[in-house]
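Q: Model the structure of this input:
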Amino acid sequence: MEWRIIALNFVYAVLGVVLMFLSYRVVDWLTPTIDFASELRKGNLAVGLFIASIFLGIAIIIGGALN
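A: Numbering: from 1, shown residues only. Predicted coordinates:
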């Protein structure tokens, strides 16, 4: 029984990472004039905070949906 719970948690973790990646790609697709990678390399703090807020928002949504 414990292995099933561990496997299920692993599946949820992988699902969360995949959904976070997909949400980042959707936002990147919706904002074609902003190159997030180059802005982060330049040290643009606003872009970093924006991406972090996307990840936090998606994590809250996924966490609520999985409970």
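
Q: Would you mind checking the average pLDDT for the biggest helix by length in the chain?
A: When the chain is parsed with DSSP state H, its longest helix is helix 2-30. For helix 2-30, mean pLDDT rounds to 88.

Q: Just the residues contacting the helix or strand following it, thanks.
A: Scanning forward in sequence from helix 2-30 by DSSP states H and E, the next helix or strand is helix 36-41. Contact with helix 36-41 is made by 28, 47-48, 51, as judged by Cβ atoms under 8 Å, 6 or more residues apart in numbering. The way it works is simple: take the backbone N, C-alpha and C, and place the C-beta from them, glycine included.

Q: what comes up buried for helix 36-41?
A: 36, 39 (16 or more other Cβ atoms under 10 Å).

Q: which residues sit against whatever helix or strand comes next after it?
A: Once helix 36-41 ends, the next helix or strand along the chain (criterion: DSSP H and E) is helix 45-66. Contacts with helix 45-66, where a contact means Cβ under 8 Å, 6+ apart, come from 12, 15-16, 19-20, 23-24, 27, 34, 36, 39-40.

Q: would you list the residues you listed in JSON lines and tack on distance to F55?
A: Putting the contacts of helix 45-66 into JSON lines (distance: Cβ to Cβ, whole Å) gives the following:
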{"residue": "Y12", "distance to F55": "16"}
{"residue": "L15", "distance to F55": "15"}
{"residue": "G16", "distance to F55": "10"}
{"residue": "L19", "distance to F55": "10"}
{"residue": "M20", "distance to F55": "6"}
{"residue": "S23", "distance to F55": "8"}
{"residue": "Y24", "distance to F55": "7"}
{"residue": "V27", "distance to F55": "10"}
{"residue": "I34", "distance to F55": "17"}
{"residue": "F36", "distance to F55": "12"}
{"residue": "E39", "distance to F55": "16"}
{"residue": "L40", "distance to F55": "13"}
